[in-house]
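In: Sequence below, structure please.
(2 chains)
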2 protein chains.
Amino acid sequence: MTTPAPLLLALDFGGTKLTAAMTRPGRGGWLAHRRFFTPATADGPYEYNKMLALAGELIAEVGRPAAIGVSFGGPVDAAAGLVRLSHHVPGWENVPLADRLRDTFGLPVAVDNDANVAALGEYRFGAGRGCQNLLYVTVSTGIGGGWILNGQPYRGADGMAGEIGHTIVQTGGLPCVCGRRGCLEAEACGPGIANRARLYLEQNAGQGDALLRLAQGDPQNITAKMVAEAASAGDPFSRRVLVESARRLGLGLGNAINLMNPDRVVLGGGVTKSGELWWQTVREAARANVLPEISVNIVPAAFTDDAPLWGAVALAEQVAG
Amino acid sequence: MTTPAPLLLALDFGGTKLTAAMTRPGRGGWLAHRRFFTPATADGPYEYNKMLALAGELIAEVGRPAAIGVSFGGPVDAAAGLVRLSHHVPGWENVPLADRLRDTFGLPVAVDNDANVAALGEYRFGAGRGCQNLLYVTVSTGIGGGWILNGQPYRGADGMAGEIGHTIVQTGGLPCVCGRRGCLEAEACGPGIANRARLYLEQNAGQGDALLRLAQGDPQNITAKMVAEAASAGDPFSRRVLVESARRLGLGLGNAINLMNPDRVVLGGGVTKSGELWWQTVREAARANVLPEISVNIVPAAFTDDAPLWGAVALAEQVAG
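Out: Numbers count the residues shown, from 1 in each chain, chains lettered A, B, ... in the order given. Reported below is the predicted structural model:
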């Protein structure tokens, strides 16, 4: 007879929402799950208290967990369990989140940032199972990454490893929120795809009608999703926008693959729903930019919104003892 | 009373030379050292037999070592101790080098490629001491790299990690031996610096006299060393060539630092002797390309020609038991 897997509590502090869920790893899905969309006026103490309430509900409903794993959407000192700040929500500066939760619940707690945690979730439960060395990249409103190396999260000297979004893939390319040009994020994230569409519209008067119709005539309405839709419907202009962005992503992934030779690259985030043309272009561009002796193995993430949450389960598992 | 450090034999199969040396780690330099420049007609069996002779001489002179560490200048399956091939010398295809040396000498043997081994040498005995996460980059006739992560050599899925020389740093840049354009190697290695000087000479008739004089009037004679010399003497043309190449190197290192956030980057190879302007430009360009939260710490290697040899000592140490 084997001991039943321990009950684990996973918390995800996202940019716009809080999620809490309870599971026993290996038993499939969630035993209970709560999501709360935070108002734009929320600050750190508000989010913390709201999350305590969600966690309390789950414990009342399912029972006392063996440990708590936490994903936080911002820079974290994982070893100290310390949140450094949130780029989205004020009042998260230097919050000792692991200590606070430990004091409140009397349970072991582990905290890490969302990209590292998502990498761990894919490694432990998703598309990265069986890998020793894994790069997880989320392609969404930004581009972030996390590493599993030798079967363990790799965080780097300042806990900042994985910033593939700010590697340069295009000399003098599109402007990035970080102030430089040609960062992978600027060239290939969702808003970057929309920016490229607007740029090509300016440069090519009379083109892009199919896309403009989806945007109700206003280029400012264009989203990456519209570009993917128009491309899937065969619009040549949108196909070109999508292919160029996917090529830059393939180049950035190729650089990372040449440098680190991972077993597998797992891609998550909304932009990965852009269809077969996007996937094929990303893979071909990566392969073309990698030395022939090096394997290129790029696969879709198993989890979408829930990747950090499953990673938080894996974090909790590590401290559950 | 402490046990004396074991006697270790280090072998380095370089592109153009064989080196063997014996040491006791922690006792300073070499107890004995032999170097042999291989003729252009040499093949794998020739080099292997010549190295056996060098090793035999050292053992006769100093005594029987506790283990043998081997650096090989080409792709190696380190786990199997298998040389895959040499890009310089024929007849090295799939040679079980560790097994052969083990059978011949009856000693533990470890083999790895020169970049990984040099990284290990700097980590254990040189400019990487005290780091947990280290990127070693040699900037020479090519550009290669090796990783120490969590205090251990990191080799990647195919043993090919560290190919920073073939990450792209310039869209549509200088042609590379790998067939692509704008690889870091093509943009910043020694022959790349000379190529850039020739390109700028073509594009700017009447400039570069100081450099051309060093090259005795023939652009084909230009070397990276001449560019560095003329730049140090204040020649504006050569300074521009050197700065542009150093900027590309800084960008390539910046990409690697964003991606992996190492504690330290150690630079070795002949091009690192190009003077203060080169170093300052590399560091500034790296810093400018890295997110503000991430440390940038780029230092010169402690070893020049002997880096693989000291790394081979560290390899031998690991298997000496």
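In: just for the stretch 1-150 of chain A, where's the confidence low?
Out: Scanning the stretch 1-150 of chain A for pLDDT under 70 picks out A:1-3.
In: residues touching the closest residue to residue A:235 other than its chain neighbours, list them.
Out: Excluding the flanking residues, the one nearest residue A:235 by C-beta to C-beta, 6 or more residues apart in numbering or on different chains is residue A:210, at 3.9 Å. C-betas here are computed from N, CA, C, even on glycine. If you count contacts by C-beta atoms under 8 Å, 6 or more residues apart in numbering or on different chains, residue A:210 has them with A:230, A:233, A:235, A:237-238.
In: repeat for residue A:108
Out: The contact partners of residue A:108, taken as C-beta under 8 Å, 6+ apart, are A:66-68, A:102, A:316, A:319-321.
In: Select only the buried ones of those in PyMOL?
Out: To isolate the buried ones among the contacts of residue A:108 in PyMOL, judged by 16 or more other C-beta atoms under 10 Å in any protein chain shown, type:
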select buried, chain A and resi 66+67+68+102+316+319+320
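In: What is the nearest of the contacts of residue A:108 to chain B?
Out: When these are compared for distance to chain B (C-beta to the nearest C-beta), residue A:319 comes out closest, at 19.1 Å.
In: Tell me which residues of the helix or strand hosting the closest one come out buried.
Out: When secondary structure is defined using DSSP states H and E, the element that contains residue A:319 is helix A:307-320. Under the neighbour-count criterion of 16+ other C-beta under 10 Å, helix A:307-320 has A:307-317, A:319-320 buried.
In: Could you list the residues of the stretch 101-250 of chain A in contact with chain B?
Out: Within reach of chain B by C-beta under 8 Å from any C-beta of the partner chain, the stretch 101-250 of chain A has these residues: A:132-133, A:145, A:147, A:149-150, A:152, A:154-164, A:166-171, A:173, A:178, A:180.
In: Please repeat the previous calculation with a cut-off of 10 Å.
Out: Residues of the stretch 101-250 of chain A found near chain B, taking C-beta under 10 Å from any C-beta of the partner chain as the criterion, are A:131-135, A:145, A:147, A:149-150, A:152, A:154-173, A:178-180, A:182-184, A:248.
In: Now list the buried members of the contacts of residue A:210.
Out: A:230, A:235, A:237-238.
In: if we take these, which one ends up nearest to residue B:55?
Out: residue A:238 (64.4 Å; C-beta to C-beta).
In: Checking my notes, the closest one in a helix, right?
Out: Yes. Membership of residue A:238 in a helix is supported by DSSP: H, G, I helix; E, B strand; the rest coil.
In: circling back to that earlier point, now check the helix holding residue A:319, is it near chain B?
Out: No. Counting by C-beta under 10 Å from any C-beta, chain B has no neighbours in helix A:307-320; the shortest distance is 15.9 Å.
In: And stretch A:278-298, by the same measure?
Out: Yes. For stretch A:278-298 and chain B, the contact criterion (C-beta under 10 Å from any C-beta) is met by A:288-295, A:297.
In: Check stretch A:80-91 too.
Out: Yes. Judged by C-beta under 10 Å from any C-beta, stretch A:80-91 comes into contact with chain B through A:84-85.
In: can you check stretch A:5-18 too?
Out: No. With C-beta under 10 Å from any C-beta as the measure, stretch A:5-18 is seen stopping short of chain B, the closest distance being 17.6 Å.
In: Let me see the domain layout of chain A.
Out: Using automatic domain parsing, the domain parsing of chain A gives A:8-126+A:305-320, A:134-300.
In: what angle do the strand or helix carrying residue A:119 and helix A:307-320 make?
Out: Under DSSP H and E, the secondary-structure element containing residue A:119 is helix A:114-125. Taking axes from the mean of the first three to the mean of the last three C-alpha atoms, to 10 degrees, one finds helix A:114-125 and helix A:307-320 inclined to each other by 70 degrees.
In: Name all residues that make contact with residue A:241.
Out: Contacts for residue A:241 (C-beta atoms under 10 Å, 6 or more residues apart in numbering or on different chains) come out as A:193-201, A:208, A:211, A:222, A:224, A:227-228, A:230-231, A:235.
In: The nearest residue to residue A:121 once chain neighbours are set aside: what's it in contact with?
Out: By the measure of C-beta to C-beta, 6+ apart, the closest residue to residue A:121 outside its immediate chain neighbours is residue A:311, 3.1 Å from it. Residue A:311 makes contact with A:10, A:12, A:69-71, A:112, A:114-126, A:136, A:146, A:153, A:303, according to C-beta under 10 Å, 6+ apart.
In: Try it again at 7 Å.
Out: Contacts were defined as C-beta atoms under 7 Å, 6 or more residues apart in numbering or on different chains; by that measure residue A:311 touches A:71, A:117-121.
In: which residues in the stretch 1-150 of chain A form helices?
Out: The residue ranges that make up the helices of the stretch 1-150 of chain A, judged by DSSP state H, counting those that start in this stretch, are A:44-62, A:97-105, A:114-125.
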